[in-house]
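**Student:** pasting the sequence and the predicted model now:
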Amino acid sequence: MSHSDPATQSPVLATNHAGLIAPAVFIAPAVSIAPAVLSAPAVLTTPAGWADLARCGAAGPTNAARRPGAGAFFCCLAAIGLLIVCRPAWLGAQDATAPPTAATPRLGAGADVDGQRNVAAEARLPSGLGLAAKYPGDRGLAEDSAVILFEDFSAEDYQSRWGEVRDPEGAVLRRVDLPLEGLGGDNAALQVTATLSQNTGGGLTQWFQPTDAVYIRFYVRFDKNCDYVHHFCTLRANKALRGRDAWSGFGGAGIRPQGDERFSTAIEPFGDWGRLRPPGKWNFYSYWYQMEPSPDGKFWGNAFRPADQPLIETDRWICVEMMLKHNTPGQADGEQAFWIDGQLVGHWIEIPWRTSGDLWANAFTLESYVTDRWTQHEQNIVWFDQVVIAKQYIGPIGQ
Ligand SMILES: [Ca+2]
């Protein structure tokens with residue numbers, strides 16, 4: 001569920017603090033390559049880090065006064081520390097949490113919690129059947145030149161096709177026999193079981209060769225007893241496909257991104273802080289360099305929610321598709337959209353995702369991350385299937 005509770009942060013951030021594991025290779029779809037990994041240092045420049053530095057600087061003179069002969073040295077050190085902490089404009093430093101100034105004019109707008117800027121009704125994008133309609137049961141879809149990644153969980157070693165697997169104690173992810181009920185395809189699906197007393201759920205992440213407009217389609221089925229879900233399926237922009245920079249888009253919960261560092265958007269169930277029947281209604285939860293601050297002054301994901309949406313149904317397969325179009329650096333011409341069962345439900349334009357043409361959405365995480373304080377059920381099960389990343393609108397499975 002999307003919200004601004006500092007007590008419940010992204011699992012990825014926790015992973016970062018514990019020590020990053022980054023993929024050393026880009027793994028092409030449908031090609032199994034053992035994921036060689038390397039450790040990357042967890043060096044994060046965050047406002048919290050700056051605050052720590054400020055506290056150290058303030059302590060300097062006090063300590064110096066207790067050490068004859070060292071006073072001048074520590075005074076100089078404190079002065080340098082204060083300059084770094086204050087970061088005056090002539091140093092050229094940027095404050096990651098400061099709102100845009102006259103020097104960095106705001107492009108576009110922030111959150112859209114009541115769907116005022118949703119242009120889905122204008123039907124600027126396709127809907128209904130799409131690329132997948134040419135491949136009944138998704139058979140052969142993986143070979144289409146527009147497809148970047150295809151995963152139907154038909155292979156027992158499906159995890160080898162993903163760059164990162166989060167499966168605590170091996171108790172979360174399970175390949176199960178659960179047909180798509182008349183939609184065709186194979187019978188295998190991915191079950192994600194989050195157990196409150198044991199884990200926060202889990203999922204899969206894959207890095208992929210980026211494209212200007214990226215479409216991601218998956219089928220999801222919420223168990224009838226599935227409670228609120230905190231975070232769901234996220235598309236992230238990282239500075240690179242491999243090594244340490246492949247993780248620049250992860251973590252950073254509550255922090256406004258730099259425009260050349262990361263942006264992200266997640267399609268998630270929104271439970272309205274326990275007010276909607278679980279799992280809630282669909283919304284986007286997005287981070288970008290000109291996002292709006294939350295009432296607590298931090299930068300939690302900005303929500304994009306269509307008005308008048310029905311509650312998400314449980315106990316049936318739902319076709320979810322999301323699209324992100326990159327902006328031209330310096331212009332607010334980026335977009336995002338999502339479809340439910342082939343119907344365009346949310347579409348937002350004029351989003352300035354990035355400042356750099358080198359930054360691309362290049363990692364997708366398929367997961368069910370459960371931590372919300374409103375979540376009461378001990379076991380929360382979600383199934384996923386028929387995951388496709390493509391350069392064009394994919395649409396539901398064709399018959
Ligand atoms: Ca399948």
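**Tutor:** That came through, no problem. Residues are numbered from 1 along each chain as shown.

**Student:** which strand or helix spans residue 295?
**Tutor:** Using DSSP states H and E, residue 295 sits within no helix or strand.

**Student:** what parts of the chain come near the ion?
**Tutor:** Residues of the chain lying near the ion by CB under 5 Å from the ion: 152-153, 186, 188, 385. C-betas here are computed from N, CA, C, even on glycine.

**Student:** and the furthest pair within these?
**Tutor:** Using CB to CB, those span at most 8.7 Å, a distance reached by 186 and 385.

**Student:** shared neighbours of these two, anything?
**Tutor:** 152-153 (CB atoms under 8 Å, 6 or more residues apart in numbering).

**Student:** more neighbours: which of these two?
**Tutor:** residue 385 (27 against 17; other CB atoms under 10 Å).

**Student:** strands of the stretch 101-250 of the chain, residue ranges please.
**Tutor:** Under the criterion DSSP state E, counting those that start in this stretch, strands of the stretch 101-250 of the chain are mapped to 147-151, 164-166, 173-177, 188-195, 201-207, 213-222, 233-238.

**Student:** mind listing what's buried in stretch 194-203?
**Tutor:** Residues of stretch 194-203 classed as buried under the neighbour-count rule (16 or more other CB atoms under 10 Å) are 194-196, 199-203.

**Student:** return the member of those residues nearest to residue 300.
**Tutor:** Using CB to CB, these come closest to residue 300 at residue 200, 17.9 Å.

**Student:** what sits against the closest residue to residue 318 other than its chain neighbours?
**Tutor:** Take residue 318 and drop its neighbours on the chain: the residue closest to it by CB to CB, 6 or more residues apart in numbering is residue 220, 5.5 Å away. Contacts for residue 220 were tallied using CB under 8 Å, 6+ apart; they are 317-318, 320, 382-384.

**Student:** secondary structure class for residue 282?
**Tutor:** Three-state assignment for residue 282 (DSSP: H, G, I helix; E, B strand; the rest coil): strand.

**Student:** beta partners for it?
**Tutor:** residue 269 (DSSP bridges).

**Student:** that one: neighbour count?
**Tutor:** Counted with other CB under 10 Å, residue 282 comes out at 25.

**Student:** quick check, residue 363 in contact with residue 209.
**Tutor:** No - assessed by CB atoms under 8 Å, residue 363 is found out of contact with residue 209, at 11.2 Å.

**Student:** show me which of those two is the more surrounded one.
**Tutor:** Shown here are residue 363 and residue 209; by other CB under 10 Å, residue 363 has more neighbours (24 against 14).

**Student:** isn't there a helix covering that one?
**Tutor:** No - checked against three-state DSSP, residue 363 lies outside a helix; its state is strand.

**Student:** so what's it bridging to?
**Tutor:** residue 207, residue 236.

**Student:** how close does it sit to the ion?
**Tutor:** For residue 363, the distance to the ion (CB to the ion, to the nearest Å) stands at 22 Å.

**Student:** what distance do you get for the residue nearest to residue 318 to residue 143?
**Tutor:** 24 Å (CB to CB, to the nearest Å).

**Student:** what do you get for residue 117?
**Tutor:** Counting by CB to CB, the gap from residue 117 to residue 143 is 38 Å.

**Student:** those two: which has the busier surroundings?
**Tutor:** Between residue 117 and residue 143, counted using other CB under 10 Å, the more crowded position is residue 117 (15 against 10).

**Student:** secondary structure element for the residue nearest to that one when sequence neighbours are not counted?
**Tutor:** In space, and not counting its chain neighbours, residue 117 is closest to residue 348: 5.8 Å by CB to CB, 6+ apart. Following DSSP H and E, one finds residue 348 within strand 343-351.

**Student:** what strands line up against that strand, and which way round?
**Tutor:** strand 334-340 (antiparallel).

**Student:** how far is the strand it pairs with from where the chain is centred?
**Tutor:** Relative to the chain's own centre, strand 334-340 is displaced by 14 Å; criterion: CA atoms, centre = their mean, to the nearest Å.

**Student:** and the residue of the stretch 201-350 of the chain nearest the ion?
**Tutor:** Residue of the stretch 201-350 of the chain nearest the ion, by CB to the ion: residue 219 (8.1 Å).

**Student:** give me the mean pLDDT for stretch 235-251.
**Tutor:** The pLDDT scores in stretch 235-251 average 96.

**Student:** what are the buried residues along that stretch?
**Tutor:** Applying 16+ other CB under 10 Å to stretch 235-251 flags 235-242, 244, 246-251 as buried.

**Student:** count of residues packed around the residue in the stretch 151-300 of the chain that the ion sits nearest to?
**Tutor:** Residue nearest to the ion within the stretch 151-300 of the chain (CB to the ion): residue 152, separated by 3.8 Å. Close neighbours of residue 152, defined as other CB under 10 Å, add up to 23.

**Student:** next one: residue 278
**Tutor:** 23.

**Student:** same deal with the one 5 residues further on?
**Tutor:** Residues within reach of residue 283, counting by other CB under 10 Å, total 28.
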